[in-house]
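Engineer: got a structure for you, letters missing:
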């Protein structure tokens, strides 16, 4: 009944672990991949007003022009990027749909796509669903989970159709400086390939400026599909609204698929997103909070003996269990059962990351403190 | 505002150790900053926000009183404000622009006590021209904290 390539996507051991967490009450969870803030009130209020006014219809396939126009403005002021709202921006149902559309629009069966590991789980899954082949580019903790240009050159010899970049990264929190990105771009520029740059966490970069990939060079912009959205920086995960920017040719192709598969993004979410772009103060407040919690968590994990590098963005720590001689799935299960603290085993982000766990600091300071007390007690009991 | 102040304003119970971890500053830097703030009167007091409506044996009446006064030569409103805020019944006292001058918050065990404070202590002051007393019925939000209903956590406990 089920198509072979979907059936092949077997749920991993992770799924069982997730079910275990979901079935357990009163867990302190550092396993959540979304902000702990509720969407700022001014954004919610905008959505409520729109509903009251009866804004409930379809929008154009590409999305509300006002939103596209505001996104174009935002990218211009933030990154000096010029995208035409009528042809080069598409509103998607979260970044997830943007990623799926990008791959669907460009991949032929068996085309190769470079995925940087540790990766966000959807990358390899969607490449495979679109009949592509994943080329894994694994990064190491000693490089702060950043791409090693030598390894990248090696993989480029296999003539991939695309590379998926994600920075700040989920799960590692790694991000790049301008010189580092230029080095990567110099290698990619020589190749006929498309860069899919998922910059969902761009607004959550700490202590350095986020460099948007298409802003590196005119030619970089031509080859890049920029994916972003409102879920993380604006705490709007449930609104499901994202956007894709790229050459008119690619965006029109993506719009074609989008118009048949989802028609358009939810109108209320699109209206709310226009307000989100004005909520600069609220975004800044949340970012400041995350940064403090990051500093707290990294310091405490270090004290407990985890090896963890300071994440420069997003809201995750990717900590090594090397010292505890534990594989992360066992560690996570035991920690959950004994102390009711949930973390995500590194296995979820690549098969060679079994020694890591991902901990989210999108949590109140009280919760983080209590989690640390429990983890410490757990480690002592080993 | 310095982040030490920002953090303490939200949670004064955090230890120096916690502040160290949150700000990346050294213990010494934090201690001397706090001392400086205390000395300069920037940090005035460390207090606890209590939702009194939930305290069973706490039955007090709160009134906000608008006070119109005659300002005095050279000292303006300061002297009359001082005259008023020195009463222990007065919990808060602000000078405002607009139709009246001082807004004071008075707390007492019952309506009668507050009423007699107004009629016997406040109104007879020669600089006080007029007062209007508003009794508080319910507190929804205090110091930026919503008291009536906590936002529920609706996140799935685990997700990518």
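Structural biologist: Sure thing, it's come through. Since the model is a prediction, treat every value here as computed from it, not as a measurement.
Engineer: near chain A, which residues of chain B?
Structural biologist: Proximity of chain B to chain A (Cβ under 8 Å from any Cβ of the partner chain) is limited to residues B:3, B:6-7, B:11, B:14, B:18, B:21-24, B:151, B:153, B:155-160. Heads up, the C-betas are built off the backbone N, CA and C, glycines and all.
Engineer: may I see the ChimeraX selection of the buried members of those?
Structural biologist: Listed next is the ChimeraX selection for buried residues among the residues of chain B next to chain A, using 16 or more other Cβ atoms under 10 Å in any protein chain shown:
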select /B:7,14,18,21,22,23,24,155,157,158,159,160
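Engineer: show me what the one helix or strand residue A:128 maps to is packed up against.
Structural biologist: For residue A:128, the host element (DSSP states H and E) is helix A:122-129. Judged by 3 or more Cβ pairs under 8 Å, 6 or more residues apart in numbering or on different chains; DSSP states H and E, the packing partners of helix A:122-129 are helix A:4-7, helix A:94-106, strand A:112-117, strand A:133-138, strand A:162-166.
Engineer: got a list of contacts for the shortest one?
Structural biologist: The reference is to helix A:4-7. A:128, A:129, A:131 (Cβ atoms under 8 Å, 6 or more residues apart in numbering or on different chains).
Engineer: wait, what's in contact with the second one?
Structural biologist: It refers to residue A:129. A:5, A:6, A:9, A:100.
Engineer: tell me the pLDDT at the second one?
Structural biologist: What that stands for is residue A:6. Note for residue A:6: predicted pLDDT of 87.
Engineer: I'd like to know how many residues surround residue 77.
Structural biologist: Using chain A here. Using other Cβ atoms under 10 Å in any protein chain shown, residue A:77 has 9 neighbouring residues.
Engineer: chain B was what I was after
Structural biologist: Residue B:77, neighbours per other Cβ under 10 Å, totals 16.
Engineer: just the helices in the chain please.
Structural biologist: Went with chain A since none was named. A:4-7, A:13-22, A:41-52, A:65-79, A:94-106, A:122-129, A:149-156, A:178-189, A:218-223, A:248-261, A:267-276, A:280-303, A:328-339, A:365-381 (DSSP state H).
Engineer: look at chain B instead
Structural biologist: Using DSSP H, helices in chain B cover B:3-10, B:16-23, B:27-39, B:78-85, B:111-116.
Engineer: now do the domain split for chain A, please.
Structural biologist: A:4-39+A:281-381, A:55-277 (automatic domain parsing).
Engineer: would you single out the least confident of those domains?
Structural biologist: domain A:4-39+A:281-381 (a mean of 93).
Engineer: flag every residue of the stretch 151-300 of chain A that's near chain B.
Structural biologist: So the stretch 151-300 of chain A meets chain B at A:170, A:288, A:292, A:293, A:295, A:296, A:299, A:300 (Cβ under 8 Å from any Cβ).
Engineer: please repeat the previous calculation with a cut-off of 10 Å.
Structural biologist: Residues of the stretch 151-300 of chain A lying near chain B by Cβ under 10 Å from any Cβ of the partner chain: A:170-171, A:207, A:237-238, A:285, A:288-289, A:291-300.
Engineer: what's near enough to touch residue B:127?
Structural biologist: With contact set as Cβ atoms under 10 Å, 6 or more residues apart in numbering or on different chains, residue B:127 has these partners: B:67-72, B:77, B:79-81, B:83-84, B:101.
Engineer: repeat for residue A:311
Structural biologist: Residue A:311 makes contact with A:144-145, A:168-169, A:171-175, A:204, A:206, A:290, A:294, A:297-298, A:317-318, A:361, according to Cβ under 10 Å, 6+ apart.
Engineer: list only buried entries from those residues.
Structural biologist: A:144-145, A:168-169, A:171-175, A:204, A:206, A:290, A:294, A:297-298, A:317-318, A:361.
Engineer: so residue A:228 makes contact with residue A:200?
Structural biologist: Yes - because the distance of 6.0 Å satisfies Cβ atoms under 10 Å, residue A:228 is recorded as touching residue A:200.
Engineer: common neighbours of the two, please.
Structural biologist: A:95, A:98, A:242.
Engineer: okay, domains of chain B per the record?
Structural biologist: Taken from automatic domain parsing, chain B resolves into B:3-39, B:52-138.
Engineer: CSV for the ones you listed, including distance to residue A:378 and mean pLDDT?
Structural biologist: What follows is the domains of chain B, written out as CSV (distance: least, Cβ to Cβ, whole Å; pLDDT from 0 to 100):
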stretch, distance to residue A:378, mean pLDDT
domain B:3-39, 20, 93
domain B:52-138, 34, 93
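Engineer: re the thing from before, reformat the shared contacts of residue A:228 and residue A:200 as TSV; add neighbour count.
Structural biologist: Formatted as TSV, the shared contacts of residue A:228 and residue A:200 follow (neighbours: other Cβ atoms under 10 Å in any protein chain shown):
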residue	neighbour count
A:95	25
A:98	28
A:242	26
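Engineer: what is the nearest of these to chain B?
Structural biologist: The nearest member of the shared contacts of residue A:228 and residue A:200 to chain B, counting by Cβ to the nearest Cβ, is residue A:95 at 12.2 Å.
Engineer: residues contacting that closest one?
Structural biologist: Contacts of residue A:95 (Cβ under 10 Å, 6+ apart): A:120, A:122, A:166, A:198-200, A:227-232, A:240-244.
Engineer: ok, 6 Å please
Structural biologist: By Cβ atoms under 6 Å, 6 or more residues apart in numbering or on different chains, the contact set of residue A:95 is A:200, A:227, A:229, A:242.
Engineer: now do residue A:59
Structural biologist: A:264, A:267.
Engineer: relative to chain B, how far out is residue A:279?
Structural biologist: Per Cβ to the nearest Cβ, to the nearest Å, residue A:279 is found 18 Å from chain B.
Engineer: look up how far residue A:240 lies from the spatially closest residue to that residue that is not a sequence neighbour.
Structural biologist: Spatial nearest neighbour of residue A:279, excluding adjacent residues (Cβ to Cβ, 6 or more residues apart in numbering or on different chains): residue A:40 at 5.3 Å. Using Cβ to Cβ, to the nearest Å, residue A:40 is found at 17 Å from residue A:240.
Engineer: that older thread, let's have the helices and strands packed on helix A:122-129 in TSV, adding distance to residue A:44.
Structural biologist: Listed next are these as TSV, based on distance: least, Cβ to Cβ, whole Å:
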stretch	distance to residue A:44
helix A:4-7	37
helix A:94-106	18
strand A:112-117	35
strand A:133-138	39
strand A:162-166	28
